[in-house]
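Asks: sharing a model that was predicted from the sequence below.
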Amino acid sequence: MHSPLEQFVIKPMFHINVANVDISFTQSSLWMMGGIAFATFFLIALRGKNTVPTRWQNIPELFYELVYGMVASQIGDKASKYVPFIFTVLMTVLMGNFLGLLPYSFTYTSHIIVTASLATICLTIVTLIGIVLHGWHFFSLFLPKGVPMFMAPLMIMIEVISYLSRIISLSVRLFANMVAGHTMLKVFALFSTMFGIGIGIAPMLINVCFYALELLVALVQAYIFTMLTCIYLRDAVELH
């Protein structure tokens, strides 16, 4: 019997070794490319200038309006310039979550190295935006106003640790939810095959309900990841 955790094992599809460094093309790479393809389709569809959206524009525009609303709620009138960045974040996470629910697919957001890399990239971009906008004044974010000078070293250390822990907050939440949900689906699927026709129908029906729940979780986790990125962007833009 296969382990429920076997679905998270990364397996090479094409072995590539350069200077003793393994850069093999894996099934995770394949599904990441699938996510990029979907995101690219959405971006192309958004380039249409039709006053009345075509059916190919409706879904991408729905997500665009969602992203614009998220950014505008945090930053206000300055939102438009940051929408492409936030839209890319949403599509990357959302495609990883949704594509992983297809049969025989792979959930690349179920690996901490992927979610941590995404979180690190997001925080790095947010930090660079803050530095470009405010220069050295950006680092005042790590020293709250009114703090006595003798407390400054301790407060700066605490604020820096808190700032960097945002990577953990973003990555672990997404990774843990994807692993837990897919493991649960696999366990009940195994129950169905173990019990066969008859008793196996019960865990199968439960799994159908869990699958619907996992679709919702995939959407919610992508939304949370993106919204937190918007909040961190607001802190960098407005130095809150």
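Replies: That came through fine.

Asks: how about L94, nearest residue that isn't a chain neighbour?
Replies: Leaving aside its chain neighbours, L94 sits nearest to A222 (4.0 Å; criterion: CB to CB, 6 or more residues apart in numbering). Yep, even glycine has a C-beta here, placed from its N, CA and C like the rest.

Asks: buried sites along the one helix or strand the one you found maps to?
Replies: Per DSSP states H and E: A222 is located in helix 201-238. Within helix 201-238, the residues that count as buried by 16 or more other CB atoms under 10 Å are 203-204, 207, 210, 214, 217-218, 221-222, 224-230, 232-237.

Asks: run the chain-centre distance for that helix.
Replies: In terms of CA atoms, centre = their mean, to the nearest Å, the centre of helix 201-238 is found 9 Å from the chain centre.

Asks: show me where the chain has its helices.
Replies: With DSSP state H applied, the chain shows helices at 27-46, 55-75, 83-99, 112-134, 152-195, 201-238, listed in chain order.

Asks: point out the most buried one among those.
Replies: helix 83-99 (a mean of 22; mean count of other CB atoms under 10 Å).

Asks: can you give the contact residues for that helix?
Replies: 31-32, 34-36, 38-39, 42, 63-64, 66-68, 70-71, 105, 107-109, 114, 118, 122, 125, 174, 178, 215, 217-219, 221-223, 225-226, 229-230, 233 (CB atoms under 8 Å, 6 or more residues apart in numbering).

Asks: give me the mean pLDDT for that helix.
Replies: Taken as a whole, helix 83-99 has a mean pLDDT of 90.

Asks: i'd like the first residue to be 439 from this point on
Replies: I'll keep to 439 as the first residue from here, and by that count the last item is helix 521-537.

Asks: for it, what is the distance to the chain centroid?
Replies: With CA atoms, centre = their mean as the basis, the mean position of helix 521-537 lies at 6 Å from the chain mean.

Asks: and the gap between the residue at the greatest distance from the centre of the chain and S578?
Replies: Among residues of the chain, the one most distant from the C-alpha centroid is F588; the distance is 39.7 Å, by CA atoms, centre = their mean. Counting by CB to CB, to the nearest Å, the separation of F588 from S578 is 18 Å.

Asks: give me the number of residues near V585?
Replies: When neighbours are defined as other CB atoms under 10 Å, V585 has 13 of them.

Asks: what's the spacing between it and A674?
Replies: The spacing between V585 and A674, counted by CB to CB, is 20 Å.
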